[in-house]
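Chemist: got a sequence here, can you build the structure:
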Amino acid sequence: MMAGRGVWLTAAGGPSRHIPVMLSEVIEALEPRDGKHFIDGTFGAGGYSRGLLESARCNVLAIDRDPGAAKFAKLLESDFPGRLKFVLGRYAEMREIAEREGLAAVDGVAVDLGVSSMQLDAPERGFSFSRDGPLDMRMGDGGQTASDLVNELSEDHLATIIATLGEEKRARSIARAIVARRKEGPITRTSELADTVARVLGRRHDDPKHPATRTFQALRLYLNDELLELARGLSAAEHLLEPKGRLAVVTFHSLEDRIAKRFLASRSTAAPRSSRHVPDQGRSTFLPSFRLLNRRPLSPTKEEIRLNPRARSARLRAGERTEAPPHALNLANLGVPRIALPA
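Modeler: Predicted structure coming up:
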């Protein structure tokens, strides 16, 4: 299971400190300075927010859809009085959130995708196949659970989700096994789903990945609208960032990285009008709205991966906002799969 937002290092008395993935690279990309305003779109335990606040006398608007993040925000609010504001919500809605907080524009946005280590390591959240717990997987506290999906969706629908969002070659066989298993009784535990998938795929001794990794990923992405959230969040950041403002995006698997890559690539080169029959809305509409800060994604150092193996698949892409107007959001061009869109 891939995870973002760092890892807890444990001590004898329990969890001791949180280390966000690629912290130094993200802070370097964002260039925090005194008096500037930043958005941490995936607050988690506040690693990036703390890094920003410690680097300069700046202000951070922190957003997270997980109510559990609020307790970490309170700690930072006391350490940096008047400089951190936490809001429970989705980072795709950062424009509306910023407006409510009196911010018309910001100087930097950080987004760290995936499941936080705190969520992954809590069996009751249902994200992990290695620790038995209720099959939940919700990043927020409302709506359907993963158990609802596996017990109610058709075999075809499950197969499409697992194949598209999990990139699982044997998705049809897994979906068929899930449907057969639920006839015996509802699938309500992570171990039940993991065992069902493992019986289909088997276990390879030379592969450290659990065979249910892709299936769990697919259900989580679908349940939480994560790819649509990413596309809309990147567009929101484009609208909010001041000229020379910075965007830093940390992804953890190919579907996320493809969207981030296409977003920045499509906005860092001048584009011609799509048709001579479309009225010219002004040449500036098609000028680059971002300058790439790294042509290729940055990866964690070997030392970071040694300390935090969950960071091994992380990729950082970053861009600097130009003075050109924001581009229209085209979900298909960004590679957001149709299955990830609302019905």
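Chemist: pLDDT weak spots in the stretch 101-250 of the chain?
Modeler: Applying pLDDT under 70 to the stretch 101-250 of the chain flags residues 116-121, 124, 126, 204-208.
Chemist: swap in 80 and give it another go.
Modeler: For the stretch 101-250 of the chain, the stretches flagged by pLDDT under 80 are 114-130, 203-209.
Chemist: how about the strands in it?
Modeler: 106-112, 115-116, 241-251 (DSSP state E, counting those that start in this stretch).
Chemist: I'd like those as JSON lines, with mean neighbour count and distance to Thr190 appended.
Modeler: From N, CA and C alone the C-beta is placed, and that goes for glycine too. Below are the strands of the stretch 101-250 of the chain laid out as JSON lines (neighbours: other C-beta atoms under 10 Å; distance: least, C-beta to C-beta, whole Å):
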{"stretch": "strand 106-112", "mean neighbour count": "27", "distance to Thr190": "24"}
{"stretch": "strand 115-116", "mean neighbour count": "28", "distance to Thr190": "13"}
{"stretch": "strand 241-251", "mean neighbour count": "23", "distance to Thr190": "24"}
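Chemist: same list (the ones you listed) but as CSV, adding distance to Leu307.
Modeler: Formatted as CSV, these follow (distance: least, C-beta to C-beta, whole Å):
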stretch, distance to Leu307
strand 106-112, 17
strand 115-116, 17
strand 241-251, 16
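Chemist: closest to Cys58 out of those?
Modeler: Nearest to Cys58, of all these, is strand 106-112, at 7.8 Å by C-beta to C-beta.
Chemist: tell me the secondary structure at Ile305.
Modeler: Secondary structure, DSSP: H, G, I helix; E, B strand; the rest coil: Ile305 is helix.
Chemist: residue contacts, it?
Modeler: 311-312 (C-beta atoms under 8 Å, 6 or more residues apart in numbering).
Chemist: again, but for Gly51
Modeler: 20, 23, 26-27.
Chemist: out of those, who's the most crowded?
Modeler: Neighbour counts for the contacts of Gly51 (other C-beta atoms under 10 Å) peak at Pro20, which has 29 neighbours.
Chemist: wait, that one sits on Asp112?
Modeler: Yes: using C-beta atoms under 8 Å, Pro20 is in contact with Asp112, at 6.6 Å.
Chemist: find the centremost residue of this structure, please.
Modeler: Leu113 (2.1 Å; C-alpha atoms, centre = their mean).
Chemist: where's Phe127 relative to Ala248, distance?
Modeler: In this structure, Phe127 and Ala248 are 24 Å apart, going by C-beta to C-beta, to the nearest Å.
Chemist: give me the spatial nearest neighbour of Asp257, chain neighbours excluded.
Modeler: Distances taken as C-beta to C-beta, 6 or more residues apart in numbering put Thr251 closest to Asp257, at 4.2 Å, once the chain neighbours are dropped.
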